[in-house]
Each structure stands twice: as structure tokens, then as C-alpha cells.
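**Student:** Structure, please.
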Amino acid sequence: MKTASVVTVFLLVVCLAVLLAACGGGGGEEGPTSAASKIAFASDRDGNVEIYVMNADGSGQSRLTENSADESSFTWSPDGRRIAFQSDRDENSEIYVMNADGSDQTNITNNLAEDLAPAWSPDGRRIGFASDRDGNREVYVMNADGSDQTNLTNNPADDFGLVWSPDGSRIAFVSSHDGNLEVYVMNADGSGQTNLTNSPTDDLAPAWSPDGTRISFMPTREGNWEIYVMNADGSGQTNLTNNPAYDSIPAWSPDGSRIAFDSERDGNLEVYVMNADGSGPTRLTDNPAKDGVPAWSPDGSRIAFVSDRDGNFEIYMMNADGSGQTRLTNSPGADSGPAWSP
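**Tutor:** Below you'll find the model as predicted:
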């Protein structure tokens, strides 16, 4: 993958965010899954992509957004009271915030540039996002009400794909600053920007472990996507998957002991899980359909995922060992991107 593909890869990362708002997720304290836990998801069942929510058992499915635009890249606030999302209802992509019931939808970026992929800080006070308002993709941060929008990266490279460290003190992101795509880290104010991966191939999709000591990412160093992990300072970079198949979309379990991921190693896309050191890879789904984008429940006991085993993409649930696979959605449209409320 060459530098010329930066825009294409950026769009890929944004699409992954649409499919899995919790990509690489699992942060936060582990505890019992509340009976009130919700799952937000995207669906085009009503003709265009809208944001929906349902109970964790699939009941109570409700549309939160309702307009002719496409809504995407949604993410829960840490307290579960609000959802930030990306919408093109104003003829360009903007970042909106709404209450968890869909009320009070507010454009908080409000400019003519493309503003994309919101990410809440762990304390809920700020939202990071990507914007091309300065002529190229940059990482910005703003207060949760949209005030004080600040360019953190501010260089001629493309910078995007930001993820906050669990304590909110640092931000990992992807940058083309060195000619190819690398994983960088910086302090939450934009200072101390450091290339962690520093390889001749592209490195993408950083995701912090729940304790903030490690970062998983997706490089193409072996000629295909693999899942790597490194220490938070970039040391100890290790290939966890290491096979000729494509392995992607790693998702840390809430306690950090396991990583769920997608793999084509058995000829079609399936959901796997492995220990955080790469040992014990286990296939959880096993059918001719495409199964992917795993999302852990807050207590780590269940995994929501997407499958087209019934002819179109629907959201399914299974226990963390792969048992009890159950379809949660059943619509003529494509349902994707399950994201658990905190």
C-alpha cells in the first residue's frame, strides 16, 4: 500500500468506524451487564442509513435519527446519556450530538469542511474528530458542546483515526507524516507527537488495551493485514496472528485478557478470539456466511457481531465462547455496527 492511497485508506478507516463504533473497544471498568444495557446500530431498513437502538436481547428496536441524510460513525458518551455521530444532513459531513433517546440533535461542528469520526474523551468532556477544514485531514478536539475547536496535529500530512487512552491523557492516531501511514501518539493537548510504528509499510487502526499499557494495530508488513500489539511507547511490537489470511478489526475484552477479531483463515470471514498474547486462537463462528465486527458486552460475557447468514447483514449475539448464537435484528435492510452502551 503506497502513500498515494492515503485518502482511500482514510475512507476505509471511516467505513470500519461505521461498521464498528466500538472497534478496538472494551475500555472501562468490568462489571455486570445492566439489564438496561442498550445496543446502538446502523440500518438502511428505511431507505437510508440511520442510527437505531435496541435492548441487548433485540427487543425495543427504535430509530433515533430520521431524515434523508446518512448518519454514521456513532459513539456513546462514557455516561451512556448521549450519542455523538456523523451526519451529512447539512450537505457536508458534520458532527452531531443527541440524547440517548434521539432527542435534541445538535450540529456541534457547523462549518463547510468535512468533519468526521467523533471520539469521546473518557471523562466525556471533549470530543475528538477528523477534519479537512485546513486543506488536509487533521485531528481536532473540542468541548462536548462544540466550543473551542482546536487543531492538534496541524501539519501538511493526513492525520486521522484518533483513539483516546483510557485515562484521557494521550491520543493515538494514524498519520502519513513520514510518507506512509504510521501509528502516532501525542498528549491530549497535541504536544509530544511521536511515531510509534516506524515501518516501511502502512500501520492502521490503533486501539488501546483497557489498562492503557498496550496498543493493538493492523499493519501490512507480511503482505496482508495482521494484528499486532505493542507497548504504549511503541516497544515490543509483536505479530499476534501471523498467518497468510487476513486478520483484522481487533477488539479488546473489557478485562484486557482477550482479543476478538475477524479472520479469513478458514476461507471465509469468521469471528475468532485469542488471548492477548496471541495464544489460543479459537474460531467462534463457523458457517459459510460472513461473520465479523465483534463487539464485547461491558462485562465481557457476550459478543455482538454482524452476519449475512440469513441473506443480508443482521446483528447477532453469542456468548463469549461462541455458544448461543442468536439473531437480534430481522429486517430487509442491512444492519451493522453494534455498539454497546456503557
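
**Student:** can you tell me the helix or strand for Y52?
**Tutor:** Applying DSSP states H and E as the criterion places Y52 in strand 50-55.

**Student:** partners of that strand, with directions?
**Tutor:** Next to strand 50-55 in the sheet, as set by DSSP bridges, lie strand 38-43 (antiparallel), strand 62-63 (antiparallel).

**Student:** Now it: buried residues?
**Tutor:** By 16 or more other CB atoms under 10 Å, the buried positions in strand 50-55 come out as 50-54. Backbone N, C-alpha and C define where each C-beta goes, glycine included.

**Student:** Show me the one of the strands paired with strand 50-55 that comes nearest T213.
**Tutor:** Closest to T213 of these, according to CB to CB: strand 38-43, at 28.4 Å.

**Student:** from the chain's centre, how far out does that closest one sit?
**Tutor:** Chain-centre distance of strand 38-43: 13 Å, with CA atoms, centre = their mean, to the nearest Å.

**Student:** Contacts for it next, please.
**Tutor:** For strand 38-43, the external contacting residues (CB atoms under 8 Å, 6 or more residues apart in numbering) are 18, 21, 49-56, 63-64, 71-72, 74, 76, 80, 83, 100, 304, 315, 328-329, 331, 333-341.

**Student:** ok, back up a step: give the rounded mean pLDDT of the strand holding Y52.
**Tutor:** The predicted model gives strand 50-55 an average pLDDT of 97.

**Student:** Repeat that for stretch 304-323.
**Tutor:** What stretch 304-323 shows for mean pLDDT is 96.

**Student:** list the buried ones in it?
**Tutor:** For stretch 304-323, burial by neighbour count (16+ other CB under 10 Å) applies to 304-307, 309, 313-318, 320, 322.

**Student:** All the strands of the stretch 1-150 of the chain, in order from the start?
**Tutor:** Applying DSSP state E, counting those that start in this stretch to the stretch 1-150 of the chain gives strands spanning 38-43, 50-55, 62-63, 71-76, 82-87, 94-99, 106-107, 115-120, 126-131, 138-143, 150-151.

**Student:** closest one to V273 among those strands?
**Tutor:** strand 38-43 (19.2 Å).

**Student:** Using PDB, write out every CA atom in that closest one.
**Tutor:** Output in PDB follows, covering the C-alpha atoms of strand 38-43 (Å, rounded to 0.1, in the frame of the first residue of the first chain):
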ATOM      1  CA  LYS A  38     -28.600  -0.900  25.000                       C
ATOM      2  CA  ILE A  39     -27.000  -1.600  21.600                       C
ATOM      3  CA  ALA A  40     -26.900   1.100  19.000                       C
ATOM      4  CA  PHE A  41     -26.500   0.100  15.400                       C
ATOM      5  CA  ALA A  42     -26.800   1.400  11.800                       C
ATOM      6  CA  SER A  43     -29.500   0.300   9.500                       C
END
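
**Student:** Can you check what angle separates it from strand 82-87?
**Tutor:** If you take axes from the mean of the first three to the mean of the last three CA atoms, to 10 degrees, strand 38-43 sits at 10 degrees to strand 82-87.

**Student:** Could you pull out the buried residues of strand 38-43?
**Tutor:** Quick answer for strand 38-43 (16+ other CB under 10 Å): 38-43.

**Student:** show me where this structure has helices.
**Tutor:** Assigned by DSSP state H, the helices in the chain fall at 6-19.

**Student:** Helix or strand with the lowest mean pLDDT in it?
**Tutor:** Least confident helix or strand, the chain: helix 6-19 with a mean of 40, by mean pLDDT, DSSP states H and E.

**Student:** of the buried residues of strand 50-55, closest to D203?
**Tutor:** Of all those, D203 sits closest to I51, with 30.0 Å by CB to CB.

**Student:** residue contacts, P200?
**Tutor:** Residues in contact with P200 (CB under 8 Å, 6+ apart) are N180.

**Student:** ok, now with 10 Å
**Tutor:** By CB atoms under 10 Å, 6 or more residues apart in numbering, the residues touching P200 are 178-180, 182, 221.

**Student:** on that earlier part again, can you give me the offset of the strand holding Y52 from its chain's centre?
**Tutor:** For strand 50-55, the distance to the chain centre is 17 Å (CA atoms, centre = their mean).

**Student:** Next, the angle strand 94-99 makes with that strand.
**Tutor:** Calculated by the same axes, to 10 degrees, strand 50-55 forms an angle of 30 degrees with strand 94-99.

**Student:** re the thing from before, out of the contacts of strand 38-43, which end up buried?
**Tutor:** Buried subset of those (neighbour count, 16+ other CB under 10 Å): 18, 21, 49-54, 56, 64, 71-72, 74, 76, 80, 83, 100, 304, 315, 328-329, 331, 333-341.

**Student:** now P156, nearest residue through space, not along the chain?
**Tutor:** N136 (6.4 Å; CB to CB, 6 or more residues apart in numbering).

**Student:** for T326, that is, sorry about that
**Tutor:** Spatially, and ignoring its direct neighbours in sequence, T326 is nearest to M317 (5.1 Å; CB to CB, 6+ apart).

**Student:** Now the terminal residues of stretch 66-78, how far apart.
**Tutor:** Using CA to CA, to the nearest Å, the end-to-end distance of stretch 66-78 comes to 24 Å.
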